[in-house]
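>>> please work out how this folds:
(2 chains)
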2 protein chains.
Amino acid sequence: MKPVKISEAVVRRLPLYLQVLNDLHKRDVQTVSSQELGNKLDLNPAQIRKDLAYFGDFGRKGIGYDVTYLIEKIRQILKLDQPLFVALVGAGNLGRALSNYTTYLKDNMKITAIFDANPSIIGTQINSLTVQPIDALKETVIALNIRIGIITVPAVEAQSVADRFVEAGIEGILNFAPTVLRVPDDIRIHYADFTTELLSLAYYLDKEGNEENEPAMD
Amino acid sequence: MKPVKISEAVVRRLPLYLQVLNDLHKRDVQTVSSQELGNKLDLNPAQIRKDLAYFGDFGRKGIGYDVTYLIEKIRQILKLDQPLFVALVGAGNLGRALSNYTTYLKDNMKITAIFDANPSIIGTQINSLTVQPIDALKETVIALNIRIGIITVPAVEAQSVADRFVEAGIEGILNFAPTVLRVPDDIRIHYADFTTELLSLAYYLDKEGNEENEPAMD
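As a prediction, this is how the structure comes out:
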């Protein structure tokens, strides 16, 4: 099957749709309207209908969307209908937190290798995975057919980890280090640096300063 | 000063500009061209010139942008020229990782309170802050004039934490829990759920499947 070409904004909404649909499915809900999805996701129903039209004309007026069918379609589009293996470099607090988070990913995407450069961390266990030395990265990535790499090392080490991932033939990188990385054009890189989210959030705070909460300054 | 109205996409790029400019400033670079910024950020120079035109017509042909001036302007726009206090709820691995990350935020934004519901975590120290019980949230947020809340609790607990933040008068929320939250329209909420980034990354992997890395399946 040749997947449809979908805009980046829509692709980023698909995991949110999937999450809400999975919740509905768990509660045995069979169909859902764009209005209900809109309420749950804080999105305009018209926007949702437009997004979902990429997957074919299967919404029914007055009935809504078939939850199970939509889940299946979105998982296909996101390629979660096949196993997808992920490696993580940087087994500090953030790396450990992310390893735990992937237990939410009941889908086929799975962290199957964790690496670190710190001798006191190498060999320890995280969720039944043994932390491997960074020098084993290439061999392991190839052997386990790992296609996505997550970087959770400090900013100064991030580029060298990205280089290792590229050399090992990884196809996509999720970078948590607060720095911009250079990778070849055929490697997809997403940034999950939380400082960007945090700093851009500040822009939207009450421009005039909020004086309603009296600060207890002395 | 009444700030300019800036599109969301531009606002999200401002922290990236700031990061690159701060690096240049540290290396005593005085001016930078849109081409150089473009190389560092993997963005089209024309896009960068358009973005920076929001802040006035201060780029000089053949010379470029004044680094110090641009840093000052972006910090003003993002309101980082004034102290901005942040509270974090959920002192697990992710919360601890984020507390450490804010050491990168040499700007005025600062985590000044950390909360948890777990009695074995309450009272412990994270970066010189004592983890407080969640019941102290409202009082502390008001007393310390905290305006932004970060949520790093499990998905099932996230909505109740958001409700507490709203009740305490917080203005913006950065949510790391993998769930959509309902907050009043005047509260700004950003999602930093890494699963969204990870799942949307999968979409961009080689559509036909990459057979070049021979998997060592048996």
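>>> next, the angle helix B:8-26 makes with the top helix by length along chain A.
What stands out as the longest helix in chain A, according to DSSP state H, is helix A:8-26. Direction vectors for helix A:8-26 and helix B:8-26, defined by axes from the mean of the first three to the mean of the last three Cα atoms, to 10 degrees, enclose an angle of 120 degrees.
>>> tell me what helix A:8-26 is packed against?
Helix A:8-26 sits against helix A:34-41, helix A:45-52, helix A:67-77, helix B:194-203, with contacts defined as 3 or more Cβ pairs under 8 Å, 6 or more residues apart in numbering or on different chains; DSSP states H and E. Quick note: C-beta positions are derived from backbone N, CA and C, even for glycine.
>>> okay, those helices in TSV with mean pLDDT next?
Converted to TSV, these look like this (pLDDT from 0 to 100):
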stretch	mean pLDDT
helix A:34-41	87
helix A:45-52	87
helix A:67-77	90
helix B:194-203	81
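>>> just the ones you listed: most buried one?
Using mean count of other Cβ atoms under 10 Å in any protein chain shown, the stretch among those with the largest mean neighbour count is helix B:194-203, at a mean of 23.
>>> quick one: buried residues of the longest helix of chain A?
Residues of helix A:8-26 classed as buried under the neighbour-count rule (16 or more other Cβ atoms under 10 Å in any protein chain shown) are A:Val10, A:Val11, A:Arg13, A:Leu14, A:Pro15, A:Leu16, A:Tyr17, A:Leu18, A:Gln19, A:Val20, A:Leu21, A:Leu24.
>>> could you do stretch A:160-176 as well?
Buried residues in stretch A:160-176, counted by 16+ other Cβ under 10 Å: A:161-162, A:164-166, A:168-176.
>>> dump the helices and strands packed on helix A:8-26 to CSV, plus distance to A:Leu129.
As requested, the helices and strands packed on helix A:8-26 are exported to CSV (distance: least, Cβ to Cβ, whole Å):
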stretch, distance to A:Leu129
helix A:34-41, 33
helix A:45-52, 36
helix A:67-77, 24
helix B:194-203, 17
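>>> quick one: closest of these to A:Asp135.
For those, distance to A:Asp135 was read as Cβ to Cβ. The smallest value, 25.2 Å, belongs to helix B:194-203.
>>> by how many degrees do the closest one and helix A:67-77 diverge?
Put simply, helix B:194-203 runs at 60 degrees to helix A:67-77, going by the same axes, to 10 degrees.
>>> now the element after the host helix or strand of A:Leu137, going C-ward?
If you go by DSSP states H and E, A:Leu137 is part of helix A:137-143. Toward the C-terminus, helix A:137-143 is succeeded by strand A:146-151 as the next helix or strand (DSSP H and E).
>>> kindly export the next helix or strand after that following strand (C-alpha atoms) in PDB.
From strand A:146-151 onward toward the C-terminus, using DSSP H and E, the following helix or strand is helix A:155-167. C-alpha atoms of helix A:155-167 as PDB (Å, rounded to 0.1, in the frame of the first residue of the first chain):
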ATOM      1  CA  ALA A 155      24.000  19.100  24.800                       C
ATOM      2  CA  VAL A 156      27.800  18.900  24.300                       C
ATOM      3  CA  GLU A 157      27.700  15.200  23.600                       C
ATOM      4  CA  ALA A 158      24.600  15.100  21.400                       C
ATOM      5  CA  GLN A 159      26.200  15.600  18.000                       C
ATOM      6  CA  SER A 160      28.700  12.800  18.500                       C
ATOM      7  CA  VAL A 161      25.800  10.500  19.400                       C
ATOM      8  CA  ALA A 162      23.900  11.600  16.400                       C
ATOM      9  CA  ASP A 163      26.900  10.900  14.200                       C
ATOM     10  CA  ARG A 164      27.100   7.400  15.700                       C
ATOM     11  CA  PHE A 165      23.400   6.800  15.000                       C
ATOM     12  CA  VAL A 166      23.800   8.000  11.400                       C
ATOM     13  CA  GLU A 167      26.800   5.700  10.900                       C
END
